[in-house]
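Student: Sequence and predicted structure, then a few things I'm wondering about:
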Amino acid sequence: MRKLMLTGGLLMLAGCAGFGIPRQDPNQAWIDLDSKQEDTALQALEVDNQAASDKRYFEVQPGSHELTVRYQFAVQPTNIGPDAEPLWRDCQMNVKFNDFNAGERYQLQAGNIGFRPWAKLYDQQRKVIGKGTPAGCQRT
């Protein structure tokens with residue numbers, strides 16, 4: 001019985017591994033997404049006004065692109081009032097960059113200060129090369 005459970009568990013893990021993030025295409029630029037704060041979500045929405053193929057990352061041709069992300073976060077009661085509950089926000093931000101290079105990895109990070117979301121695009125040397133501009137927020 002123990003062998004059967006172990007074998008079944010390993011098969012499940014092997015099956016899940018097939019659904020991971022694909023390998024980076026060396027002819028494209030890869031942009032990883034990372035939210036800096038707990039209990040947040042950062043998703044890829046659009047590249048140049050076209051729906052992103054995967055919400056977990058961007059993969060783009062070299063050159064100039066505008067990335068649109070969705071960032072969901074909670075505004076803590078310390079920013080609202082002493083008796084308040086956290087207030088959830090659902091925001092979109094645009095990040096433009098003119099010089100994505102093939103084979104390079106970039107990282108797009110997002111966070112918030114109170115009600116205001118922010119996004120920064122980093123190159124492989126961790127240099128800030130772009131900043132997000134708000135494209136609208138709503139309460140959830």
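Tutor: In hand now; what should we look at?
Student: In this structure residue 41 contacts residue 74, no?
Tutor: No. Contact status for residue 41 versus residue 74: not in contact, 10.6 Å apart, counting by Cβ atoms under 8 Å. (Each C-beta comes from the backbone N, C-alpha and C, glycine too.)
Student: Counting neighbours, go ahead and name the busier of those two.
Tutor: residue 74 (17 against 13; other Cβ atoms under 10 Å).
Student: Can I take it that that one is in a helix?
Tutor: No. Per DSSP: H, G, I helix; E, B strand; the rest coil, residue 74 lies outside any helix segment and is strand.
Student: got the contact list for it?
Tutor: In this structure, residue 74 makes contact with 39-40, 86-89, judged by Cβ atoms under 8 Å, 6 or more residues apart in numbering.
Student: Tell me the pLDDT of it.
Tutor: Residue 74 carries a pLDDT value of 91.
Student: returning to what we had before: can I have the buried ones of the contacts of residue 74 as a ChimeraX selection?
Tutor: To isolate the buried ones among the contacts of residue 74 in ChimeraX, judged by 16 or more other Cβ atoms under 10 Å, type:
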select :40,89
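Student: from the contacts of residue 74, which two are the most distant?
Tutor: 40 and 87 (13.5 Å; Cβ to Cβ).
Student: Which of the contacts of residue 74 sits closest to residue 33?
Tutor: Nearest to residue 33 among the contacts of residue 74 is residue 40, at 11.0 Å by Cβ to Cβ.
Student: Near the residue nearest to the closest one when sequence neighbours are not counted, how many residues? Count them for me, please.
Tutor: Counting by Cβ to Cβ, 6 or more residues apart in numbering, residue 40 lies nearest to residue 73, which is 4.4 Å off, once chain neighbours are set aside. Using other Cβ under 10 Å, residue 73 is surrounded by 25 other residues.
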